[in-house]
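**Student:** Need the 3D shape of this:
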Amino acid sequence: MASDEFRLVSSQVNNEGRLPRKYTGDGQGAKKNISPPLEWYNMPQGTKSLALVVEDVDAPDPCGPIVPWTHWVVVNIPPTLNRLPEGFSGKEEEVGGDYAGIKEGNNDWKVPGWCGPSLQNHGHRLEFKLYALDDEIKLGNNVTKEKLPDAIEGHVLGEAVLTANF
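**Tutor:** Okay, here's the model as predicted:
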């Protein structure tokens, strides 16, 4: 991997690529469905905002083929940031500061924020995809993964991907 490559990492995804249980729906009590910490490096020149989509790329559709299942959508991450801290999801207002303008969209459960995978889906891959954009995304209060491709078309300066197993 080139040292100047746009990359996305998490200190909590271990060497085998495993996502710890507390970031899933199967953790215990308050130690479940916590959004994992993410960091990125070498943002492309001209980046004005970042967008994140996290999907289970091995999710089966009960009626047919494998269809990615969206666990998290985050838009308008300012280029002044290089990370989202652990447990960020649902706390944008509390965190404030540089994080205040960030918007979490609806996942495939139709609720905003992070919703981790569950053990019934054990053995799947969770893909974290971070887009560097040359503009902010203007989707109002209804941010979804389905609306994102049209909103970012022609504005993507780079993509960074992190894959975790669960």
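**Student:** Touching, residue 10 and residue 39? I think so.
**Tutor:** Yes. If you go by C-beta atoms under 8 Å, residue 10 and residue 39 touch, sitting 7.1 Å apart. No exception for glycine: its C-beta is placed from N, CA and C like everyone else's.
**Student:** residue at max distance from the center of the chain?
**Tutor:** residue 63 (26.2 Å; C-alpha atoms, centre = their mean).
**Student:** Quick check: the gap between the residue nearest to residue 69 when sequence neighbours are not counted and residue 74.
**Tutor:** Leaving aside its sequence neighbours, residue 69 sits nearest to residue 59 (C-beta to C-beta, 6 or more residues apart in numbering; 3.6 Å). From residue 59 across to residue 74, the span is 19 Å (C-beta to C-beta, to the nearest Å).
**Student:** Same question for residue 10.
**Tutor:** Residue 10 sits at a distance of 14 Å from residue 74 (criterion: C-beta to C-beta).
**Student:** same check, this time on residue 164
**Tutor:** Separation of residue 164 from residue 74 (C-beta to C-beta): 16 Å.
**Student:** low pLDDT regions in the protein?
**Tutor:** Filtered on pLDDT under 70, the chain yields the residue ranges 1-3, 61-62, 64, 92-95, 119-121.
**Student:** Going along the chain, name the helices of it.
**Tutor:** Here the chain has its helices, by DSSP state H, at 92-95, 148-152.
**Student:** returning to that earlier point: between residue 164 and residue 74, who's got more neighbours?
**Tutor:** Remark: of residue 164 and residue 74, residue 74 carries more neighbours, 25 against 22, as counted by other C-beta atoms under 10 Å.
**Student:** Could you work out the end-to-end span of stretch 54-67 for me?
**Tutor:** One end of stretch 54-67 sits 13 Å from the other (C-alpha to C-alpha, to the nearest Å).
**Student:** If you count surrounding residues, which of residue 10 and residue 39 has more?
**Tutor:** The neighbour count for residue 10 versus residue 39, taken as other C-beta under 10 Å, is higher for residue 10 (19 against 15).
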